[in-house]
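Asker: structure of the sequence below:
(4 chains)
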Number of protein chains: 4
Amino acid sequence: MIRFNNDYNRAAHPAVLQALADTAADSFPGYGTDPWCRAAADEIKTHLDCPEAAVHFLVGGTQVNFTAIAAALRPYQSAICADSGHIHAHETGAVEHTGHKILAVPGREGKLTAAQVAELGEQYRQSPVQEHITQPKLVYVSFPTEYGTVYSLRELTDLRVVCDKYGMYLFVDGARMGYGLAARGGDVTLRDMARLADMFTVGGTKCGALFGEALVITEPALQPDFRSYIKQNGGMLAKGWLLGLQFAALFRDGIYFDICRRAVDLAMQIRDAFAARGIPFYIDSPTNQQFVLLTRDQIRALEGKYTFEPDHDAGDGRQCVRFCTSWATTQAEADALMADIARL
Amino acid sequence: MIRFNNDYNRAAHPAVLQALADTAADSFPGYGTDPWCRAAADEIKTHLDCPEAAVHFLVGGTQVNFTAIAAALRPYQSAICADSGHIHAHETGAVEHTGHKILAVPGREGKLTAAQVAELGEQYRQSPVQEHITQPKLVYVSFPTEYGTVYSLRELTDLRVVCDKYGMYLFVDGARMGYGLAARGGDVTLRDMARLADMFTVGGTKCGALFGEALVITEPALQPDFRSYIKQNGGMLAKGWLLGLQFAALFRDGIYFDICRRAVDLAMQIRDAFAARGIPFYIDSPTNQQFVLLTRDQIRALEGKYTFEPDHDAGDGRQCVRFCTSWATTQAEADALMADIARL
Amino acid sequence: MIRFNNDYNRAAHPAVLQALADTAADSFPGYGTDPWCRAAADEIKTHLDCPEAAVHFLVGGTQVNFTAIAAALRPYQSAICADSGHIHAHETGAVEHTGHKILAVPGREGKLTAAQVAELGEQYRQSPVQEHITQPKLVYVSFPTEYGTVYSLRELTDLRVVCDKYGMYLFVDGARMGYGLAARGGDVTLRDMARLADMFTVGGTKCGALFGEALVITEPALQPDFRSYIKQNGGMLAKGWLLGLQFAALFRDGIYFDICRRAVDLAMQIRDAFAARGIPFYIDSPTNQQFVLLTRDQIRALEGKYTFEPDHDAGDGRQCVRFCTSWATTQAEADALMADIARL
Amino acid sequence: MIRFNNDYNRAAHPAVLQALADTAADSFPGYGTDPWCRAAADEIKTHLDCPEAAVHFLVGGTQVNFTAIAAALRPYQSAICADSGHIHAHETGAVEHTGHKILAVPGREGKLTAAQVAELGEQYRQSPVQEHITQPKLVYVSFPTEYGTVYSLRELTDLRVVCDKYGMYLFVDGARMGYGLAARGGDVTLRDMARLADMFTVGGTKCGALFGEALVITEPALQPDFRSYIKQNGGMLAKGWLLGLQFAALFRDGIYFDICRRAVDLAMQIRDAFAARGIPFYIDSPTNQQFVLLTRDQIRALEGKYTFEPDHDAGDGRQCVRFCTSWATTQAEADALMADIARL
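Answerer: Sure, this is the predicted structure:
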């Protein structure tokens, strides 16, 4: 069975495992106060041009999302996101569980536009009864989105401008940040993220680590006492160095960027194979997730040998399914799949 | 100035004020443990055919909504409502503030359909990853809706059936219950409410009281320790008898029903006057709230003499505005308005 | 039956009822945006020397306490109070329900000392693992306390100094503020409150109103968007002018201060009567609540004619019971009681 | 430097690391739906005599505590714990952050007595105003406690009896469960835990794993939809098999029990060495944490070679410090320490 069902079905990149092995006999201070967390934070910050950024390491994606969002908002404030946004669609209402409303607007290929944000900002600003509605205060975008699409630098900049206009924070969920930065045709860098977002995550779980998400907070107002939020929300790992170690291993020598770029390259080859075979796409994705519309026969032909994930019934006898490459996918695996696609 | 802007701009029906005056010198036990609350609960229950119902009196609408909804849900459960629903659109995210997601679906004239509820129920039931989404557990409907429309007995029964099928609670926000029960062409009674809903409110604030909402809980599973929820959420009035007194006064001799029916009668006269003048309606409402589309000239012609409430810009040079009658509106006031409508 | 069981068993002072009657036919804007709320706020502010204070009117005590405290705190921050504090002992965990820990310390006669606050402040400041504990950020004191005692100006000033030192807010729960200001031997004025506290309430419910608590916010950082907190927490009365009206009536001509002073005078007479009879006090209270230790025989002798409230079993065959005067207590009622006390 | 400062300063037992290495190339389904989690749950259940128990794996201790406690309680219910309890003293108010009050009572050597629980249960039961206080519904005990002490089977049974009497849940925080089960003179087994507690944790982090806590839920009423609580609270690890793997490795062949027993044996040797030297103990602990009272000179004599943790100033020129053994401590390390203790 060759696995294309998701990008978190394998343990970790060898460099990560090696780092763990190398330090197995060592002792460290707990709760993220160790040298590895400091080293990893410094390593990440070399990519940011933002020396005053705070970098924290949390265990999981849902956890870092609700912790950071709740920390940024006052009780009557809400978060704007696309209706396909992970916090709205896949996290068991975790943000609402912290007490905050999500204002979900129809996404365009999984993305939010600056105009949509401006509309909600304007609506609040002009409301004669502001106290009867929530104040939209944070914009959540995922990069890449749940559909694999990415924001262009122009789009992100527009979001920043509208956030500034309405006094909102911009939060970027980078659970798949590495794949987003490597997007075919993409033009956004980590430096741009640090310049445009108030907070963003650099995902480890789906990008080569066993687990772990780095949270970068560039906005000074959001930095104080952040460790208290992490602890209170159960996100502070006792053996915190396990997080630092992994990120240090991934960012040293740019492994993080390389492995994600390779995964995107393989996904592009697969995309081309589907296109060459005339198979339609649900959405045009330049990253490691490819959503294609297959007939039942085509699914049958592939499912014996490959895993891939059903997304939804496309309604015309076709199923939308997701093929996902990862840091662990090999050229041989992609070649096998492409050969079989050509035979569909 | 003749007031049609809302149904809560006047103090209270004379019977309510008289009841307060009559008891001004008396002493009572606190926190709703007094004879007036018991009497009022009994009075309301004579209309229900549900002797085991629990009746509580809270001060305000937002308060009773979030208190009751949060008491019914476990943390991972959510409430379904129309996107025009009061809890979604006008209560500052109070339900989310209690930790629960609202699943808002596009309302049809402010109403939710059984099919929409079934779709969400089915979606959850069939989800292979239920733990990643919230469980829709409570259906919120307002009766009448924020647009003055009402559910028919058929529609309410359909909602009950689907709630039973998916194990959901049905909650009816009756902030304007009296006007809903008197809806022109409506066929729902309080007995139906008690039979079909698990919880519903009987609004006092907009229906003749100074303030106060009665909450009727028919579902036994939702009754235990409800006073603890009320107290914890700040809804327990120290001088609770002030609530009981008012509801006793309004339900004695059926005043509540009479005054709301009269308000709806006046609204129907006004509706006919607008229709006769060829003025379009935003929505066809059989209750005390009438939403009409006026030109700027027409607004100018009326606004010197009457208050009415802007709702939204209808986009074609017309404004949607609300004219609202209440228990306090007189025939003379309606006549004056109708005369002026005829002259538009 | 003559009622000394509490200070909220009667409707309202005649001036309040008259104000309601006088405006029964008038229409007002909703949600506290009316002229009466403005007038009442202005009236209260004439007693404050703090023109920039914000004054809001909420319905009940628990409600105003948790709304204000939660609005002042970030999620990882906690409130300090005496273990007899109302928020800790009588409000169904409402503050914790908003997500905040209460650090309860043993009260001395219901009071908190500056030293106790300093100890907790210091403990946090010196903790090497601050992120593992909550940050004490708000000091809650009740004035008068649940035992009727009051802080002296010296004690309140000391609390202010320690709050300043540790960056804490000082919140005064003035549910019985009127009685506290009239405390025999007391030296604190509303001006002092406004100068020393960041927020405080001026209770109406127990001091002559039907219901209602005025919240005064002097700290500018706590003022923005406060109406959003009120609405979200269910504390915004639709017919908000009913609150403004009552406070305007009570503060006009100083009625609020006069009626509470009279109640305290009567309580002092009763205190003297108990003392003269050699009956011990549980606590020495200079306000309208008197806690005395009665034998079962003494209780039996009084309970046929008077209501009073059991507090706790004092363990030596005596019960601690509370006698409470109020704005409604008459000299004749007090005289009757005193005559019977003399006969015990 | 030889480390006795805590039991979480080293990565993991070799069997755990080996298991991770052995599966590094394998793919697994996500979110704990993998065979390893099932295997580990089955392995743990062989020690329980409770086939219907549910076993879940979460990442951290604070997380599992607040997730489980909040899942068990309705909003107006509270948890009872000793004032030294981890949830009260070391978790940044995480339980209160979920909305629940903690009723902290003075611990006796870190332990709660059945009598203390009964007192709170009785107090609630007899309260004439139950709705003004929280309902104590869950008893939290740590085993071993934060001071290393353990409950005897008698004490645990007494707690169970009182929980049954008052309808409370018994929750055991077993972050150091392995050391507790190996307590010198202890008589509690995992079977007893499963029989007496409604929920308990079996800690991995401090007992040989990299991270991870197993939560065992024996009470059927607390089992439904528990995965939704885990996900919503950020405790569901994407690569959940990493948790299952570790527990499977530790429970296979009883490694978990063996390594903790060995750590306690070493701690007992160290305890004896301190005792032989006449050094007083803060508390008499039969597990891996030893709290001794050292003079400054004694501390100076040891701190160059060993790490240990300051607990508090004992007030008489002595410091209370903690020496902690773990699964990683060697006999040679203990011998070295004992030799130096003898020289103090």
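Asker: stretch A:64-74 close to chain B?
Answerer: No - Stretch A:64-74 lies out of reach of chain B by CB under 8 Å from any CB of the partner chain, never closer than 10.5 Å. In short, each C-beta sits where N, CA and C put it, glycine included.
Asker: counting neighbours, what do you get for the closest residue to chain D within the stretch 151-300 of chain A?
Answerer: Using CB to the nearest CB, A:Gly234 is the residue of the stretch 151-300 of chain A that sits closest to chain D, at 3.0 Å. A:Gly234 has 29 neighbours, counted by other CB atoms under 10 Å in any protein chain shown.
Asker: could I get the phi/psi values of it?
Answerer: phi 70, psi 20 (degrees, to the nearest 10).
Asker: which non-adjacent residue is nearest A:Ala11?
Answerer: Nearest non-adjacent residue to A:Ala11, counting by CB to CB, 6 or more residues apart in numbering or on different chains: D:Ala24, 4.8 Å away.
Asker: just the element for the spatially closest residue to the residue of the stretch 151-300 of chain A closest to chain D that is not a sequence neighbour, please.
Answerer: Closest residue to A:Gly234 in three dimensions, ignoring its sequence neighbours and counting by CB to CB, 6+ apart: D:Gln63, at 3.0 Å. D:Gln63 is part of helix D:61-72 when elements are defined by DSSP states H and E.
Asker: who does that helix touch, helix- and strand-wise?
Answerer: helix D:86-89, helix D:94-97, strand D:135-142, strand D:169-173, strand D:199-203, strand D:213-217, helix D:226-232 (3 or more CB pairs under 8 Å, 6 or more residues apart in numbering or on different chains; DSSP states H and E).
Asker: for A:His47, give me phi and psi.
Answerer: A:His47 adopts backbone torsions of phi -100, psi 10, taken as degrees, to the nearest 10.
Asker: could you report the neighbour count for the closest residue to it other than its chain neighbours?
Answerer: Nearest non-adjacent residue to A:His47, counting by CB to CB, 6+ apart: A:Leu190, 4.3 Å away. Using other CB under 10 Å, A:Leu190 is surrounded by 23 other residues.
Asker: so where do the helices sit in chain A?
Answerer: A:14-22, A:35-45, A:61-72, A:86-89, A:94-97, A:114-126, A:153-166, A:177-181, A:190-196, A:226-232, A:241-251, A:255-276, A:296-303, A:331-342 (DSSP state H).
Asker: A:Arg277 contacts A:Ile341, correct?
Answerer: Yes - between A:Arg277 and A:Ile341 there is a contact at 5.5 Å, judged by CB atoms under 8 Å.
Asker: more neighbours, these two?
Answerer: Neighbours per residue, other CB under 10 Å: of A:Arg277 and A:Ile341, the larger number sits with A:Ile341, 23 against 14.
Asker: which ones are touching the more buried one?
Answerer: Residues in contact with A:Ile341 (CB atoms under 8 Å, 6 or more residues apart in numbering or on different chains) are A:270, A:273-274, A:277, A:279, A:302.
Asker: list the residues that contact the residue nearest to A:His47.
Answerer: When contacts are counted by CB under 8 Å, 6+ apart, A:Leu190 touches A:44, A:47-48, A:177, A:181, A:202.
Asker: and if we set it to 10 Å?
Answerer: By CB atoms under 10 Å, 6 or more residues apart in numbering or on different chains, the contact set of A:Leu190 is A:44-50, A:174, A:177-178, A:181, A:200, A:202, A:216, A:256-257.
Asker: lowest pLDDT pick from these?
Answerer: In terms of pLDDT, the lowest of the contacts of A:Leu190 is A:Asp49, showing 89.
Asker: which pLDDT value belongs to the residue nearest to that one when sequence neighbours are not counted?
Answerer: Counting by CB to CB, 6+ apart, A:Arg191 is the residue found nearest to A:Asp49 once chain neighbours are left out, at 5.1 Å. With respect to pLDDT, A:Arg191 has a value of 98.
Asker: picking that back up, would you show me how to pick out the buried ones of the contacts of A:Ile341 in ChimeraX?
Answerer: Selecting only the buried entries of those in ChimeraX, with 16 or more other CB atoms under 10 Å in any protein chain shown as the criterion:
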select /A:270,273,274,279,302
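Asker: near chain B, which residues of chain A?
Answerer: Selection of chain A residues close to chain B by CB under 10 Å from any CB of the partner chain yields A:62, A:75-78, A:86, A:88-104, A:128-135, A:310.
Asker: report the residue spans of the stretch 101-250 of chain A with pLDDT below the cut-off.
Answerer: Within the stretch 101-250 of chain A, no range satisfies pLDDT under 70.
Asker: tell me the contacts of the closest residue to chain B within it?
Answerer: Residue nearest to chain B within the stretch 101-250 of chain A (CB to the nearest CB): A:Lys101, separated by 3.6 Å. For A:Lys101, the contact set (CB under 10 Å, 6+ apart) comprises A:73, A:76-79, A:95, A:133-136, B:88, B:91-97, B:101-102, C:232.
Asker: recalculate using a threshold of 8 Å.
Answerer: Contact analysis of A:Lys101 by CB under 8 Å, 6+ apart lists A:78-79, A:134, B:93, B:96-97, B:102.
Asker: on that earlier part again, I'd like the distance between the residue nearest to A:His47 and D:Thr189.
Answerer: A:Leu190 is 52 Å from D:Thr189, where distance means CB to CB, to the nearest Å.
Asker: go on, A:Arg176?
Answerer: A:Arg176 is 46 Å from D:Thr189, where distance means CB to CB.
Asker: of the two, who's got more company?
Answerer: A:Arg176 (31 against 15).
Asker: that one against A:Asn288, yeah?
Answerer: Yes - with contact defined as CB under 8 Å, A:Arg176 counts as touching A:Asn288 (7.1 Å).
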